[in-house]
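J.: missing the sequence, but the structure's below:
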């Protein structure tokens, strides 16, 4: 593992933010305007020369700044890839009681989150990586995780909930990710039960929730998300080229990865709080119906070696997939299984 940087969003007790982080926060807060060097220096309690030196450090990390006489500075260029302090700058005032780790490379962000939970790290926290060497999805499938501008993230929690209360957790988080994408990118993502994010049957992301469970309570919970942000269309392996897409492909332009990641963190943390408090029940059905790509279509569910074909009819209150057989009658309920869409539906 290499390139680890640990930065707190808010912790208790909260460490003082770094000088570079304060500079980025202040400049972001005044966009598209400028901030004077004198005001920055006063804010930081430093000389203007010292402020300039810190800005030089940020330039070495991929930033560029526009300077205007009598007006000050503003950000002219941002890093193309993930930058921990820039994510924190975008998050300022939006997330509490969580910490963020950004790694250049890791085997799996879910595995790293589980290791840190087992070692006693205070939750909640977020693990981000630019690349995974053993990224995985549901049923142990490999998740293509190269350092190509995509997002690999895991959110670690310690909820005080009983295991039966968690049956809709991944579905709830999935519709919240869809809502965030829709609002941020002005596109219409869909969710395929239980954990795939799609655009016209091409996969843009996947989710994996894992937990350690005591007899009657969730001990640790990790929500993992792999999301194709900026990978170019020609970068997919041959076996994925026809089935994968990225948000950049959908909007025909690269995304601001740091701004998007900050927005995602804010949405996921809020969605988690709503779930634990039980408030999610008010809107879950509406959000699921808005993004469900299976409803009304012919599907085949493979479960325990058996196949069941019928028409998808949404999910029930426990998150089970409802499938109506061709002959009618009560729909089948599937708590787990592999779902495929039948051609022409």
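T.: Arrived safely, thanks for sending. If you're wondering where the values come from, they're calculated on a predicted model, not measured in any experiment.
J.: phi, psi of residue 260?
T.: Dihedral angles of residue 260 (phi, psi; degrees, to the nearest 10) stand at phi -60, psi -40.
J.: would you agree it is in contact with residue 229?
T.: Yes: with contacts counted by Cβ atoms under 8 Å, residue 260 reaches residue 229, the gap being 6.7 Å. For glycine as for every other residue, the C-beta is placed from the backbone atoms N, C-alpha and C.
J.: what does the strand ranked longest in the chain contact?
T.: As far as residue count goes, and with DSSP state E defining each element, the longest strand of the chain is strand 202-213. Counting contacts by Cβ atoms under 8 Å, 6 or more residues apart in numbering, the residues outside strand 202-213 that touch it are 110, 114, 117, 136-138, 143, 163, 166, 169-170, 173-174, 177, 189, 195-198, 218-228, 242-247, 250.
J.: quick one: buried residues of the helix or strand following that strand?
T.: Proceeding C-terminally, strand 202-213 gives way to strand 218-227 as the next helix or strand, assigned by DSSP states H and E. Using 16 or more other Cβ atoms under 10 Å as the test for burial, strand 218-227 gives 218, 220, 221, 222, 223, 224, 225, 226, 227.
J.: which one is the last one nearest to, not counting chain neighbours?
T.: With Cβ to Cβ, 6 or more residues apart in numbering as the criterion, residue 227 has its nearest non-adjacent residue at 4.0 Å, and that residue is residue 205.
J.: what about residue 257, distance to residue 149?
T.: 6 Å (Cβ to Cβ, to the nearest Å).
J.: one more: residue 286?
T.: Distance of residue 286 to residue 149, given as Cβ to Cβ: 33 Å.
J.: so between the two, which is more surrounded?
T.: Between residue 286 and residue 149, residue 149 has the larger neighbour count (other Cβ atoms under 10 Å), namely 20 against 9.
J.: host element of that one?
T.: In the assignment (DSSP H and E), residue 149 maps to no helix and no strand.
J.: hang on, isn't it packed against residue 235?
T.: No: when contacts are counted by Cβ under 8 Å, residue 149 is not listed as touching residue 235 (9.1 Å).
J.: pop the domain breakdown of this structure in here.
T.: Following the assignment in automatic domain parsing, the chain carries domains at 5-77, 84-291, 298-341.
J.: low-confidence ranges in the stretch 51-200 of the chain?
T.: Across the stretch 51-200 of the chain, the ranges flagged by pLDDT under 70 are 97, 136-145, 147.
J.: mind checking the SS state of the residue nearest to residue 94 when sequence neighbours are not counted?
T.: Using Cβ to Cβ, 6+ apart and skipping residues adjacent in sequence, the residue nearest residue 94 is residue 266, 4.7 Å away. Following DSSP: H, G, I helix; E, B strand; the rest coil, the label given to residue 266 is helix.
J.: burial count for residue 266?
T.: 15.
J.: let me see the contact set for it.
T.: Residue 266 sits next to 91, 94, 95 when contact means Cβ under 8 Å, 6+ apart.
J.: give me the PyMOL select line for the residues you listed, limited to the buried ones.
T.: The PyMOL selection below is limited to those of the contacts of residue 266 classed as buried (16+ other Cβ under 10 Å):
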select buried, resi 91+95
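J.: make JSON lines from the contacts of residue 266 and add secondary structure and distance to residue 311 to it.
T.: Shown next, in JSON lines, are the contacts of residue 266 (DSSP: H, G, I helix; E, B strand; the rest coil; distance: Cβ to Cβ, whole Å):
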{"residue": "91", "secondary structure": "helix", "distance to residue 311": "43"}
{"residue": "94", "secondary structure": "coil", "distance to residue 311": "41"}
{"residue": "95", "secondary structure": "coil", "distance to residue 311": "41"}
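J.: distance to residue 213 added to the contacts of residue 266, as JSON lines?
T.: Shown next, in JSON lines, are those (distance: Cβ to Cβ, whole Å):
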{"residue": "91", "distance to residue 213": "31"}
{"residue": "94", "distance to residue 213": "31"}
{"residue": "95", "distance to residue 213": "27"}
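J.: residues contacting stretch 159-178, please?
T.: 189-191, 193-195, 197, 205, 207, 209, 211, 213, 216-218, 221, 223, 225, 227, 264, 267-268, 270-272, 274-276, 280, 284, 287-288, 290-291, 315, 317-320, 335.
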